[in-house]
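*Asks:* take this sequence and fold it.
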Amino acid sequence: MPLLSDTMKEGVIAEWHKKVGDTVKSDDVIAEVETDKATMEVMPYVDGTLLYIGVEKGKGVPINGIMAIIGKPGEDYQSILDAEQGGAQPAAAAAKPEEAKPAEAAPVQQQAAAPAQAIPAPEQKEQPAQNSDERIKASPLAKKLAEEKGVDIHEVKGSGDNGRIIKRDIDTHTPAAASAPAAQGAKAPAAVIPQQPAGVEGHTDTPLTQMRKIIAKKLSDSMFTAPHFYLRMTITMDKAIEARKAINEISPVKVSFNDLVIKACAIALRIHPAVNSSWMGDFIRQNHHIHIGTAVAVEEGLIVPVIKFADQKSLSQIAQEAGGLYEKARTKKIQPPEFTGNTFTISNLGMMDIDEFTAIINPPDSCILAVGKITPTPVIENGQIVTRQLMKITLSCDHRVVDGAVGSRFLQTLKAHLENPVTMLV
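*Replies:* The predicted structure is shown next:
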């Protein structure tokens, strides 16, 4: 099991795409592994035959535990399992004795140390890719599901490597003819309560995903360990709206309001480095680099893609990078370096029609900015009632690191840049 994120302790097998006996190439996706951050595809990086499955779908494997063994047909891998078992490796308990065949074990052990990765669940009955439509780049499981669901696989857009169609593409595919009437119900099918007979109680229990477990632990630790306090401010966005319109007339990519907020925060953090800090237990670390994370909702929970060195990038660069990261997050292609290393986080629910809210600090940051929607609001200026576009923001601060005056000065600088965006271009 490879280390797929900086905080990962184990990976849970979300899906196997191969089965024992299959011939695999180094760039084949043989499994999807659910970490504390995302569900990621795993490749073996070696050619060979899948000899052994270390764990079934839905079970966890600790870092460096055996997911699978790849080698030459007939090689004896039992010595590898015995060595792992001697080191109290729980994954070895899933060994299947009937799959072992006598041969040399040394070459396999070398492969299993790092490149040997995941292997297909025994219960899967899909056929190898070479036995199905060669013109379609799709995993065997995806082809089987497409056949079972009556989905024309030619209409499915692949999200795997090089456009390869995988299981989730079939699960999320909506036929063109049915897309319009199904649109409303497709927004959040999991949230629809099944119709119960009159007077009959019922419930649904959903097992926790690895990501949800880690989210629960991290945010609970943050909320009940870091003493939170909150600073609220209202920002007039009229000039920001005008500036964004002008910028998008010449920008190579569309700049969003969130991109403006990221840029303004980056500039403000450079001026107020105390906010760009982390509580380290017996010392405070003040980061000299500015990496801004933005919370993105995915099916399993939340993930925070990170714009590295945000203060050194233009608005169009931020917009382009952010758009690519958000798409990777939603399609589960995001890689660990792209969602780790944040020094400050933004959570924006304005597009969800939320006026204002408070957010829980995302460790190791000392602050997180919650951004609400932009709303036309009557205000009094020079004794006259006028309409202004207002946006409410809330800064959650870790009082061990950031005091009220420090957080307030940061917000004042942020407000000045958002209310006069031309200052961000100087």
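*Asks:* okay, helices next: where are they in the stretch 201-350 of the chain?
*Replies:* Assigned by DSSP state H, counting those that start in this stretch, the stretch 201-350 of the chain shows helices spanning 210-225, 238-250, 257-271, 315-330.
*Asks:* excluding its backbone neighbours, what's nearest the most centrally placed residue in the chain?
*Replies:* Centroid-nearest residue in the chain: residue 303, 3.9 Å away (criterion: Cα atoms, centre = their mean). Take residue 303 and drop its neighbours on the chain: the residue closest to it by Cβ to Cβ, 6 or more residues apart in numbering is residue 329, 5.0 Å away. (Glycine included, C-beta is placed from N, CA and C.)
*Asks:* which residues does that neighbour contact?
*Replies:* The neighbourhood of residue 329, defined by Cβ atoms under 8 Å, 6 or more residues apart in numbering, consists of 38, 296, 298, 303, 305, 339.
*Asks:* now swap in residue 346 and tell me
*Replies:* When contacts are taken as Cβ under 8 Å, 6+ apart, residue 346 is in contact with 258, 261, 262, 265, 292, 293, 294, 295, 368, 369, 371.
*Asks:* pLDDT weak spots in the stretch 151-300 of the chain?
*Replies:* Residue ranges of the stretch 151-300 of the chain with pLDDT under 70: 161, 174-192.
*Asks:* what about residue 249, how many residues nearby?
*Replies:* Residue 249 has 7 neighbours, counted by other Cβ atoms under 10 Å.
*Asks:* over to residue 246?
*Replies:* 12.
*Asks:* what ranges do the strands span in the stretch 101-250 of the chain?
*Replies:* Applying DSSP state E, counting those that start in this stretch to the stretch 101-250 of the chain gives strands spanning 228-236.
*Asks:* name only those of the contacts of residue 346 that count as buried.
*Replies:* When the contacts of residue 346 are checked for burial by 16 or more other Cβ atoms under 10 Å, the buried set is 258, 261, 262, 265, 292, 293, 294, 295, 368, 369, 371.
*Asks:* which of those residues sits closest to residue 215?
*Replies:* residue 295 (10.8 Å; Cβ to Cβ).
*Asks:* my guess is the closest one meets residue 362, correct?
*Replies:* Yes: Residue 295 is within contact range of residue 362, at 7.5 Å (criterion: Cβ atoms under 8 Å).
*Asks:* what do those two both touch?
*Replies:* 304, 345.
*Asks:* any idea how the chain splits into domains?
*Replies:* Residue ranges for the domains of the chain, per automatic domain parsing: 1-124, 127-176, 211-425.
*Asks:* any idea which of those domains gets closest to residue 195?
*Replies:* Among these, the nearest to residue 195 by Cβ to Cβ is domain 127-176 (22.5 Å).
*Asks:* distance from the chain centre to that closest one, please.
*Replies:* 23 Å (Cα atoms, centre = their mean, to the nearest Å).
*Asks:* just stretch 397-406 next, same as before
*Replies:* 28 Å.
*Asks:* with stretch 238-255 instead?
*Replies:* On Cα atoms, centre = their mean, the centre of stretch 238-255 falls 28 Å from that of its chain.
*Asks:* check which residues of that stretch are buried.
*Replies:* Buried, per 16+ other Cβ under 10 Å, within stretch 238-255: 240, 243, 244, 247, 251, 253, 255.
*Asks:* most remote residue from the chain's center?
*Replies:* Largest centroid distance in the chain under Cα atoms, centre = their mean is residue 383 at 48.9 Å.
*Asks:* distance of it from residue 292?
*Replies:* 40 Å (Cβ to Cβ, to the nearest Å).
*Asks:* for residue 194, same thing?
*Replies:* 41 Å.
*Asks:* now do the contacts for residue 304.
*Replies:* 293, 294, 295, 296, 339, 342, 345, 362.
*Asks:* again, 6 Å this time
*Replies:* Contact partners of residue 304, counting by Cβ atoms under 6 Å, 6 or more residues apart in numbering, are 293, 295, 339.
*Asks:* phi, psi of the closest residue to residue 287 other than its chain neighbours?
*Replies:* Nearest non-adjacent residue to residue 287, counting by Cβ to Cβ, 6+ apart: residue 343, 4.5 Å away. Note on residue 343: its backbone torsions stand at phi -110, psi -10 [degrees, to the nearest 10].
*Asks:* so residue 343 touches residue 292, yeah?
*Replies:* No: Residue 343 is not in contact with residue 292 according to Cβ atoms under 6 Å; the separation is 7.4 Å.
*Asks:* ok so, going back, rebuild the buried ones among the contacts of residue 346 as CSV, extending it with distance to residue 214.
*Replies:* Below are the buried ones among the contacts of residue 346 laid out as CSV (distance: Cβ to Cβ, whole Å):
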residue, distance to residue 214
258, 25
261, 26
262, 25
265, 25
292, 21
293, 15
294, 19
295, 14
368, 17
369, 22
371, 24
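*Asks:* from residue 359, how far off is residue 393?
*Replies:* Taking Cβ to Cβ, one finds residue 393 at 10 Å from residue 359.
*Asks:* cool, and residue 387?
*Replies:* Counting by Cβ to Cβ - residue 387 and residue 359 are separated by 28 Å.
*Asks:* what about the two, which has more around it?
*Replies:* Between residue 387 and residue 359, residue 359 has the larger neighbour count (other Cβ under 10 Å), namely 22 against 10.
*Asks:* pLDDT at the more buried one, what is it?
*Replies:* Residue 359 is assigned a predicted lDDT (pLDDT) of 97.
*Asks:* quick one: secondary structure of it?
*Replies:* coil (DSSP: H, G, I helix; E, B strand; the rest coil).
*Asks:* would you map the helices across the stretch 1-150 of the chain?
*Replies:* Going by DSSP H, counting those that start in this stretch, the stretch 1-150 of the chain shows helices at 78-86, 106-112, 140-149.
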